[in-house]
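Peer 1: Just to be clear, the model below is a prediction. Sequence and coordinates:
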Amino acid sequence: MGWWGAASAAGGAAGVLLGGVLTSALGWWAVFALSALLALPGIAATPLLLGRGERERAARLDLPGALVVTAGLTLLVLGLGAQGRLPLPGFVVLAAGVLLLLTLMPVERRARDPLLPPVLLRNRSAVAGNLLMLPLGAVWVATFFFLPLYQQRVLGYSPLEAGLTQVPLAAALMTASWGAGRLRGTLLPGFVVLAAGLLWLARLPVDGTFLSDLFGPSVLIGTGLGLAFVPLTGMGVAGLGPRHSGIAGGLINTSRQVGGALGLAVLTSLAGPAADRTTPGPAALAHGYRRALVAAALVALLAAAGAGIRRKPARPVTSS
C-alpha cells in the first residue's frame with residue numbers, strides 16, 4: 001500500500017510541474033485540454049486490456065444510483081459554496097441535496113449491480129476509513145488550492161515558480177507514504193502533523209519568502225498527508241474479498257474527492273468575505289487565505305480526534 005501512495009504522490013508532483021509549464025506557456029485551458037487528451041488512450045485501451053470473459057462478467061451500470069449520488073452531491077456543493085449566487089436560498093439547495101442522498105439506499109436495494117453494495121456499509125473498517133477520508137480530502141484539496149493562490153496573488157510567483165516550490169511538499173508526501181506502508185499507527189500522528197503544518201502555513205505574511213515561510217510548513221503538510229492517506233486507504237478495503245475490493249478502492253478515492261469538493265466549498269466561503277472587495281489588495285487576500293487554512297487545520301484536528309477514538313479497530317465484516 002505504501003508504494004501505491006508514493007507513486008500517487010510522484011504523479012501529483014509531476015502534474016504540478018507540468019501544469020505550471022503549460023499554464024505559463026499557454027494558459028489554464030491547456031491543463032484541462034491535456035487531461036482530456038490523456039484520458040483518451042485509457043478509454044481506448046480498456047477493451048483491449050480486459051479479456052473476453054472479464055467483459056462478459058462485467059456488472060451492469062447502476063444508472064439510477066449514479067444519477068442520484070451525482071445530483072445529490074452537486075446540490076450539496078452548490079448549496080455550500082454558491083451562497084447568494086443561486087436563484088434559490090442556499091439552505092433550500094442543501095436540503096434538496098440531502099433528500100436526494102437519503103433516497104440512495106432504497107435505490108441501491110433495487111439495483112441488480114448496486115453502485116454501493118450493502119456489504120461495504122456493514123464493514124466497520126471501510127465505513128470508518130471513508131468517514132475519515134472526507135476531512136483528509138477537504139484539507140488536501142484546500143492546501144493545493146489556497147497555497148498557489150497565495151504564492152501567485154500575494155507573493156507574485158508565476159505558475160511555474162508556484163509549481164516548483166511545491167516539490168518539497170510532494171517529496172515529503174511521497175516519502176511519508178512509502179514509510180507509512182511499513183509502519184503501524186501512523187493515522188493519528190499523520191493528522192496531528194498535518195494540522196501543525198497548516199497552522200504554521202497560515203501565518204501567510206504579505207512579504208513572505210519560500211525558505212522562511214513556505215518550506216517548513218510544506219514539508220510538515222506533505223508528511224502528514226502521506227502518514228494519514230496510506231492507513232485510511234488500507235482501512236477502506238480491509239476485510240473485503242476480491243469481489244468487492246475494487247469497488248471499495250474506488251469508494252475510498254471517491255470519498256477523498258467528495259471531501260475535497262465539500263470542504264473547498266465551505267473554506268472558500270470563509271476566505272471570500274475577508275477579501276471581498278472590487279480589487280482586493282495582497283493584505284486582504286492573505287487574510288482571507290489565512291482564515292481558510294486555520295479552518296482546515298481545525299478540520300485536521302477533528303479528524304485526529306476521530307482517529308484517536310478509533311484506537312481499537314473493529315472487526316470487519318468479510319465478504320466473498
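Peer 2: Structure's in. What do you need? Residues are numbered from 1 along each chain as shown.

Peer 1: contacts, neighbours, all on C-alpha from now
Peer 2: OK.

Peer 1: Now do the helices in the protein.
Peer 2: Assigned by DSSP state H, the chain shows helices spanning 2-25, 29-49, 52-56, 63-81, 90-102, 104-110, 118-122, 124-149, 159-164, 167-180, 187-201, 215-237, 242-274, 282-309.

Peer 1: quick check: mean pLDDT across stretch 287-296?
Peer 2: For stretch 287-296, mean pLDDT is 94.

Peer 1: which of the helices of the chain is buried the deepest?
Peer 2: helix 215-237 (a mean of 26; mean count of other CA atoms under 10 Å).

Peer 1: in the protein, which residue is closest to the centre?
Peer 2: Nearest residue to the geometric centre of the chain (CA atoms, centre = their mean): G137, 2.9 Å.

Peer 1: residues touching that residue, list them.
Peer 2: S255, R256, Q257, V258, G259, G260, G263 (CA atoms under 8 Å, 6 or more residues apart in numbering).

Peer 1: any chance of these in TSV, plus distance to V230 and pLDDT?
Peer 2: Shown next, in TSV, are the contacts of G137 (distance: CA to CA, whole Å; pLDDT from 0 to 100):
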residue	distance to V230	pLDDT
S255	14	93
R256	12	92
Q257	16	91
V258	18	91
G259	16	94
G260	17	93
G263	20	92
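
Peer 1: What separation is there between the residue nearest to G272 when sequence neighbours are not counted and L160?
Peer 2: Spatial nearest neighbour of G272, chain neighbours left out: G288 (6.3 Å); criterion: CA to CA, 6 or more residues apart in numbering. G288 sits 23 Å away from L160, going by CA to CA, to the nearest Å.

Peer 1: And L187, by the same measure?
Peer 2: 33 Å.

Peer 1: What pLDDT is listed against P87?
Peer 2: On the pLDDT scale, P87 is placed at 76.

Peer 1: Check the burial of it by counting its neighbours.
Peer 2: A count of neighbours around P87, defined by other CA atoms under 10 Å, yields 8.

Peer 1: rewinding a little: which two of the contacts of G137 have the greatest separation?
Peer 2: Maximum pairwise distance among these (CA to CA): 11.5 Å, between S255 and G263.

Peer 1: can I assume G224 is in contact with L173?
Peer 2: Yes. Shown here, G224 and L173 form a contact pair, counting by CA atoms under 8 Å, at 7.5 Å.

Peer 1: can you tell me which of the helices of the chain the model trusts least?
Peer 2: Set side by side, the helices of the chain give their lowest mean pLDDT on helix 52-56, at a mean of 53.

Peer 1: just so I know, which of the helices of the chain lies nearest D207?
Peer 2: D207 lies closest to helix 282-309 among the helices of the chain, at 9.4 Å (CA to CA).
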